[in-house]
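In: below are the sequence and a predicted model; questions follow.
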Amino acid sequence: MNLHRHDAASAAAALTMVREMFPELDDVTFAAVDWLGRQYLETDGVLAVFDPGSAEVRPHYHPTVDEALAAAPDELLRTDLLAEWRARHPEPLAAGWCAGYRQPLFLGGEDSADNLEAVDLAAYWSTRGRTWLRVKDLPPDRRIGGVIPG
């Protein structure tokens, strides 16, 4: 799975997952999820990418997943990182699984294939969401178990 388009059931499940990290999120319908567990929301002419590894919501330059894939597939799907991941893990990710950061980027983890592992998508969003909600308001230089959040 590089990118999976949501149906009604998986879009509802995606909203539940994303609310683990962003509890204030309105009722929305996610369009797709990618191999890194990032959820894609098409809204008001903007494609928003919700990333559990960085705890960020990034706007994309194109209003829909299809337009973004047509214009900049490498940028959208992080194909550089995907190639590194696949070199080490040639088997495809199972349905409902993603490549997640062992140490999240928001805790100073490296954005590299060495820091990725195959994880259950719902569990990944849940654990990263709970962690993010506990650390997001800490001072930037606060150490957490020897790690300074990035």
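Out: Received it, and whenever you're ready, just let me know what you need. Numbers count the residues shown, from 1 in each chain.

In: distance of Ala13 from Thr29?
Out: Distance, Ala13 to Thr29, using CB to CB, to the nearest Å: 11 Å. To be clear about C-beta, it is placed using only N, CA and C from the backbone, and glycine gets the same treatment.

In: these two: which is more packed in?
Out: In this comparison of Ala13 against Thr29, neighbours counted by other CB atoms under 10 Å, the higher total goes to Ala13 at 18 against 13.

In: how close does that one get to Gly53?
Out: Noted for Ala13: a distance of 19 Å to Gly53, by CB to CB.

In: all strands of the protein, in order?
Out: All strands of the chain, identified by DSSP state E, fall at 3-5, 32-34, 39-43, 46-51, 56-60, 97-101, 116-120.

In: the third one pairs with which strands, parallel or anti?
Out: Strand 39-43 sits in its sheet next to strand 32-34 (antiparallel), strand 46-51 (antiparallel), going by DSSP bridges.

In: tell me which residues of the last one are tucked away?
Out: Across strand 46-51, burial judged by 16 or more other CB atoms under 10 Å covers 47-51.

In: no more questions from me, cheers.
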